[in-house]
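Enquirer: Just to be clear, the model below is a prediction. Sequence and coordinates:
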Amino acid sequence: MDQIELRLRGLMLAGLAGEAGPYRSLLDELSGLLRAYYGRRCPPGVDTEDLVQETLIAVHTRRATYEAGQPFTAWAYAIARYKMIDHLRRARLHLRAPEEAAEALFVDPGADAAMASRDLDRVMADLPARTRDLIRDTRIEGLSTREAAQKHDMSESAVKVAVHRGLKALGARFGGSRGD
Amino acid sequence: METDALIRNLSDRPEPVAPGAVARRVVLGLGFGAAVAVALMLAWLGPRRDLMPAMATSMFWMKFAYTALTGLLLAAALIRLSRPAARVGPITVAIAAPLAVLVAMACMRLAQAPPEARRLLLMGDSASVCPWRIVIIGLPVLAGAVWAVRGLAPTRLALAGAVAGGCAGAIGAAIYGFHCNETAAPFVAIWYTLGMAAVAALGGLAGSRVLRWS
């Protein structure tokens, strides 16, 4: 534990200073630890990989809350635990089916296929406007993350996270599997 | 998107993080809220008419020291609670110190006063409105605190909410002190403290909802 603490803390401090290599090693190692932790702790049916990704995003976007003198393992554990509780709470809310009109059940079975052929704009229409623009800029127009960040006056971190979440939302809704 | 791709993406040229970002954000939120609260107090109640002569008295500054010091200590606790795995630590004891001093002063004052004067020392002229006004003036400060803290990473939400509320109430009380002309220590110890505690309770109750981040 002490050795893990020492190593991860060193990687984190380098990452906070802006060094990509150590920071990547940190997130890599953390993802393995998180996968094992959530695998042991979460009830069956929870998408642990999704939880791992959400936690990595939280570690990244809130890394300024890590204080150099504090144990890194305690900091990361607190975020992992918070994320698990948050995820389970959301999953519970998700179980409540929305109230709809009776037509929701009695649709033409062919309608799903027709829905699947919606064009890109229709598909993206459900995303927040900014996320839509960011996905279009980075994935279709070919802008780099930095260029997109400058264009929308956002941090690069925020662009990365928004694009990731947007693509995942699309994947969940229309792809069925997680696709990139 | 695969987790590996996400990691590659996030770790690609990470922006360096300046130390002290947490404290800066909390101070910014509280400061902005306090500015709104000052404007609210001036527009709604106005400063006390005898503000200049009052500022030459020690009791005016006693009242200010009690509220401002409590607010400062709670702000320090709030900065700690904005981090994951937070421990408030030794500040916990210090937070109660200004109140303890004030209560001691209030008891002495009451003990020395003739029995017929005690009611006035306790109730003043504005006991029925004082805590409510402190709550209302504290609300913009609480809003600023909530904005700041939910953008960080608190993991003990109810406690962080209560501390944010207490801090907002204390800052609100400090601001209200420039309108209120009550100067008796027993009055301040009861009614100012009650107003501050009410905002703390509000923050504690709302904390687990309004401070949730994801």
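Expert: Arrived safely, thanks for sending.
Enquirer: residues in contact with residue 159?
Expert: Since no chain was named, I'll use chain A. A:Leu134, A:Thr138, A:Thr145, A:Ala148, A:Ala149, A:His152 (C-beta atoms under 8 Å, 6 or more residues apart in numbering or on different chains). Backbone N, C-alpha and C define where each C-beta goes, glycine included.
Enquirer: The chain in question should be chain B.
Expert: Taking C-beta under 8 Å, 6+ apart, one finds B:Leu81, B:Gly204, B:Gly207 in contact with B:Leu159.
Enquirer: Reformat these as a markdown table; add secondary structure.
Expert: Shown next, in a markdown table, are the contacts of B:Leu159 (DSSP: H, G, I helix; E, B strand; the rest coil):
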| residue | secondary structure |
| --- | --- |
| B:Leu81 | helix |
| B:Gly204 | helix |
| B:Gly207 | helix |
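Enquirer: Excluding chain neighbours, give the residue nearest to the spatially most central residue of chain A in space.
Expert: The centroid of chain A falls nearest to A:Glu54 when counting by C-alpha atoms, centre = their mean (4.2 Å). Ranked by C-beta to C-beta, 6 or more residues apart in numbering or on different chains and with sequence neighbours excluded, the top spatial neighbour of A:Glu54 is A:Lys83, at 5.8 Å.
Enquirer: Count the neighbours of the nearest residue to B:Leu45 once chain neighbours are set aside for me.
Expert: Closest residue to B:Leu45 apart from its sequence neighbours, by C-beta to C-beta, 6+ apart: B:His179 at 4.4 Å. Neighbours of B:His179 under the rule other C-beta atoms under 10 Å in any protein chain shown: 18.
Enquirer: how far away is B:His179 from chain A?
Expert: Counting by C-beta to the nearest C-beta, to the nearest Å, the gap from B:His179 to chain A is 37 Å.
Enquirer: Give me the three-state assignment for that residue.
Expert: coil.
Enquirer: Could I get the contacting residues of it?
Expert: Contacts for B:His179 (C-beta under 8 Å, 6+ apart) come out as B:Met41, B:Leu45, B:Gly46, B:Pro47, B:Arg48, B:Arg133.
Enquirer: Out of those, which is nearest to chain A?
Expert: Nearest to chain A out of these is B:Met41 (C-beta to the nearest C-beta; 32.5 Å).
Enquirer: Which of the helices or strands spans the closest one?
Expert: helix B:21-44 (DSSP states H and E).
Enquirer: hmm, back to that, can you list the contacts of B:His179 in CSV and add pLDDT, distance to A:Thr65 and neighbour count?
Expert: Output for the contacts of B:His179, formatted as CSV (pLDDT from 0 to 100; distance: C-beta to C-beta, whole Å; neighbours: other C-beta atoms under 10 Å in any protein chain shown):
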residue, pLDDT, distance to A:Thr65, neighbour count
B:Met41, 98, 33, 21
B:Leu45, 96, 38, 17
B:Gly46, 96, 40, 11
B:Pro47, 95, 39, 12
B:Arg48, 94, 41, 17
B:Arg133, 98, 35, 21
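Enquirer: Pull the most distant pair out of those.
Expert: Between any two of these, the greatest separation by C-beta to C-beta is 13.6 Å, found for B:Pro47 and B:Arg133.
Enquirer: Now do stretch A:167-180, average pLDDT.
Expert: For stretch A:167-180, mean pLDDT rounds to 64.
Enquirer: residues near B:Val101, how many?
Expert: With other C-beta under 10 Å as criterion, B:Val101 counts 16.
Enquirer: which residues does the nearest residue to it once chain neighbours are set aside contact?
Expert: Of all residues not flanking B:Val101 in the chain, B:Tyr66 sits nearest, at 7.7 Å (C-beta to C-beta, 6+ apart). Residues near B:Tyr66 by C-beta under 8 Å, 6+ apart: B:Pro98, B:Leu99, B:Val101, B:Leu102, B:Val188, B:Tyr192.
Enquirer: cool, A:Leu8 as well?
Expert: A:Leu26, A:Glu29, A:Leu30, A:Phe72, A:Thr73, A:Ala76.
Enquirer: For the buried ones among the residues you listed, write the corresponding ChimeraX selection.
Expert: In ChimeraX, this line selects whichever of the contacts of A:Leu8 come out buried by 16 or more other C-beta atoms under 10 Å in any protein chain shown:
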select /A:26,30,72,73,76
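Enquirer: Could you list the residues in contact with stretch B:124-141?
Expert: By C-beta under 8 Å, 6+ apart, stretch B:124-141 touches B:30, B:33-34, B:36-37, B:40-41, B:45, B:165, B:167-169, B:171-173, B:175-176, B:179-180, B:182, B:184, B:187, B:190-192, B:194-196, B:198-199, B:202.
Enquirer: circling back: the residue nearest to A:Glu54: neighbour count?
Expert: A:Lys83 has 22 neighbours, counted by other C-beta under 10 Å.
Enquirer: Phi and psi next, for it.
Expert: Main-chain dihedrals, A:Lys83, degrees, to the nearest 10: phi -60, psi -40.
Enquirer: Do you know the pLDDT at it?
Expert: Per-residue confidence (pLDDT) for A:Lys83: 95.
Enquirer: For it, list the residues it contacts.
Expert: By C-beta under 8 Å, 6+ apart, the residues touching A:Lys83 are A:Leu51, A:Glu54, A:Thr55, A:Ala58, B:Ser214.
Enquirer: hmm, 6 Å instead?
Expert: A:Glu54, A:Thr55, A:Ala58 (C-beta atoms under 6 Å, 6 or more residues apart in numbering or on different chains).
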